[in-house]
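*Asks:* model the following, please.
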Amino acid sequence: MLQTLIETALEALSIFKSDTAIGFIVVVMLACATLAILRVSFIDLHKNFCLVGVGERLTSTTQARGEDLRDPLGGASRTALAYDYPEFRTRWIEFAGSVKRDPVSGRLSTPIDTNSIFNIEAIGLTLRNFERVAALFVSVGLVLTFMGLVAALQQSGVAILSAGEGDADIKAALSDLLLIVSSKFILSITGLICSILVNLAIDRRLKYNRRCVARLNAAISGAVAFVPAEVLLRDIRDGLARERLGPGAAP
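*Replies:* Numbering: from 1, shown residues only. Next comes the predicted model:
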């Protein structure tokens, strides 16, 4: 039973004896890498458009006068809810619900640090799946290389056994062995090249995602002041102390 399985596996590996098959595999790997790069470049662009749109709406509103200034988050909220972006929408609703207007200064403030809820990890812009694809190219290249080496050794072993006893025949057989084995390493090289190209595309897209998030947080900071919860609690404590001690009394 075991011998039958081994023989079947060796017969299946015979496909790697052909340079045409090796070339076809290389072309397929390069085509898959190209598709992965295109996918990385254009996947979920609406998420970036959503972040840019919300940031631009906040920036234009804070620079406006009149009616728009009374509700600086209204237009931004409508833009955020208009996109099919549940990760961002959930966090935006949480953030918008925490924004309050100071009755004295009229300044909008929130106890939520926007950098903690609006980052590429929290709003699903990390591209982790494509990072696994880039690593997979290396693994596939190595596996195919070893499979090709097994087929090459099997083919070369037959050639060596059928060679004559002279030194010239043995050298010719060994030369053929090295030539056949070296051609199989093209699979590993192709896997590494594909992985590098995909990783470069991922790095470029991640930089763009970080820029979008940074611009959004900058726009939010310009429209809404971040007031830590400790400061709010301190102000509440001081207000209660003044009420207890009377007008004009120090806390």
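*Asks:* the stretch 51-200 of the chain: helices as residue ranges?
*Replies:* Secondary structure of the stretch 51-200 of the chain, counting by DSSP state H, counting those that start in this stretch: helices at 67-70, 74-82, 86-98, 114-117, 128-162, 167-184, 186-223.
*Asks:* now do the last one: which elements does it pack against?
*Replies:* If contacts are counted by 3 or more CB pairs under 8 Å, 6 or more residues apart in numbering; DSSP states H and E, helix 186-223 sits against helix 19-42, helix 45-62, helix 114-117, helix 128-162. C-betas here are computed from N, CA, C, even on glycine.
*Asks:* relative to L216, which of those is closest?
*Replies:* Closest approach to L216 among those (CB to CB): helix 45-62, 4.4 Å.
*Asks:* contacts for that closest one, please.
*Replies:* Applying CB atoms under 8 Å, 6 or more residues apart in numbering, the set of residues contacting helix 45-62 from outside is 68-69, 72-73, 75-76, 79-80, 82-85, 88, 92, 123-125, 208-209, 212-213, 215-216, 218-220, 222-223.
*Asks:* now do stretch 109-128
*Replies:* In this structure, residues lying in contact with stretch 109-128 by CB under 8 Å, 6+ apart are 40, 43-44, 47, 85, 87-88, 91, 94-95, 98-102, 202, 205-206, 209-210, 213, 216-217, 220-221, 224-229, 232.
*Asks:* how about that stretch: buried residues?
*Replies:* 109-110, 112, 114, 117-119, 122-123, 125, 127 (16 or more other CB atoms under 10 Å).
*Asks:* ok, stretch 139-146 next?
*Replies:* 140-141, 144-145.
*Asks:* now swap in stretch 36-51 and tell me
*Replies:* Buried, per 16+ other CB under 10 Å, within stretch 36-51: 36-37, 40, 47-48, 50-51.
*Asks:* just put those residues in a markdown table and tack on pLDDT.
*Replies:* Below are those laid out as a markdown table (pLDDT from 0 to 100):
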| residue | pLDDT |
| --- | --- |
| A36 | 95 |
| I37 | 96 |
| V40 | 95 |
| K47 | 94 |
| N48 | 95 |
| C50 | 95 |
| L51 | 95 |
